[in-house]
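Trainee: Model the structure of this input:
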Amino acid sequence: MALSPTLWRTCRVLAGPTRLRLLRQIIAAPDKTVGQLAEEAEIGLSRASQELRRLQSRGLVGVEREGPFVRYRPEPDPLVSSARPILAALRGAFARSGRAPDRQIVRLATALAHPRRILVYRELLDGPRTVPMLRDRLRIPCAALFRHLRLLQEGGLVHATQGVYRRARNGHPLAKCLTGLVQPAP
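Mentor: Predicted structure coming up:
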């Protein structure tokens with residue numbers, strides 16, 4: 001599978017609760033087979049295989065074939081520069097919390113799982129903005145802009161006060177990592 005290490009695509013993969021559950025299992029106990037991971041996640045073998053390939057395509061897991069078995073381990077692909085810091089952030093997030101906080105990880109990943117949301121966040125790197133300022137600068141239709149801002153807020157990356165949007169400080173390890181990977185617009 002060809003690698004396409006776009007940040008928003010990686011976030012889209014991380015926003016899937018099943019994929020996140022599989023990644024949590026791989027980090028907790030490396031070298032499990034697809035069958036073992038599927039059984040623990042209570043999903044079918046085919047679905048587990050598809051979801052694991054998606055994680056592999058983002059450079060977050062390594063694969064080793066052993067006869068008829070395929071084993072997965074938390075091994076960042078050296079060709080994907082974002083894989084190592086994202087994997088480290090996820091390890092930190094998993095270590096500090098139980099399973100319930102996976103919802104927070106899904107919301108964080110969803111916040112940056114679209115190229116327009118990354119553009120909005122990048123625009124806020126330059127300072128607070130109102131909706132008209134963002135709309136004029138980014139040329140995003142108003143309804144879409146509000147939807148993107150809502151998802152950024154739900155992810156804890158943006159907050160609004162009296163119609164002015166700002167970047168939010170978020171101490172979650174994945175939030176720190178992902179916002180650090182968002183580069184200012186050229």
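Trainee: Domains in this structure, by residue range?
Mentor: Per automatic domain parsing, the domain ranges recorded for the chain read 7-96, 102-181.
Trainee: quick one: residue 121 from residue 82, how far?
Mentor: 15 Å (C-beta to C-beta, to the nearest Å). Bear in mind the C-beta positions are built from the backbone N, C-alpha and C, glycine included.
Trainee: Kindly report the same for residue 170.
Mentor: In terms of C-beta to C-beta, residue 170 sits 18 Å off from residue 82.
Trainee: With residue 44 instead?
Mentor: Here the criterion is C-beta to C-beta. By it, residue 44 lies 30 Å from residue 82.
Trainee: Next one: the residue of the chain most remote from its centre, what pLDDT does it get?
Mentor: Largest separation from the mean C-alpha position in the chain: residue 67, at 32.1 Å (C-alpha atoms, centre = their mean). Looking at residue 67, its pLDDT is 89.
Trainee: swap in residue 97?
Mentor: Residue-level pLDDT assigned to residue 97 equals 67.
Trainee: Residue 159 belongs to a strand?
Mentor: Yes. Counting by DSSP: H, G, I helix; E, B strand; the rest coil, residue 159 is located in a strand.
Trainee: where in this structure is pLDDT low?
Mentor: Within the chain, the segments meeting pLDDT under 70 span 1-5, 97-100, 184-186.
Trainee: Tell me where it has strands.
Mentor: 32-33, 62-66, 69-73, 129-130, 158-161, 164-167 (DSSP state E).
Trainee: now the first one: how far from the chain's centre is it?
Mentor: What separates the centre of strand 32-33 from the centre of its chain is 23 Å, taken as C-alpha atoms, centre = their mean, to the nearest Å.
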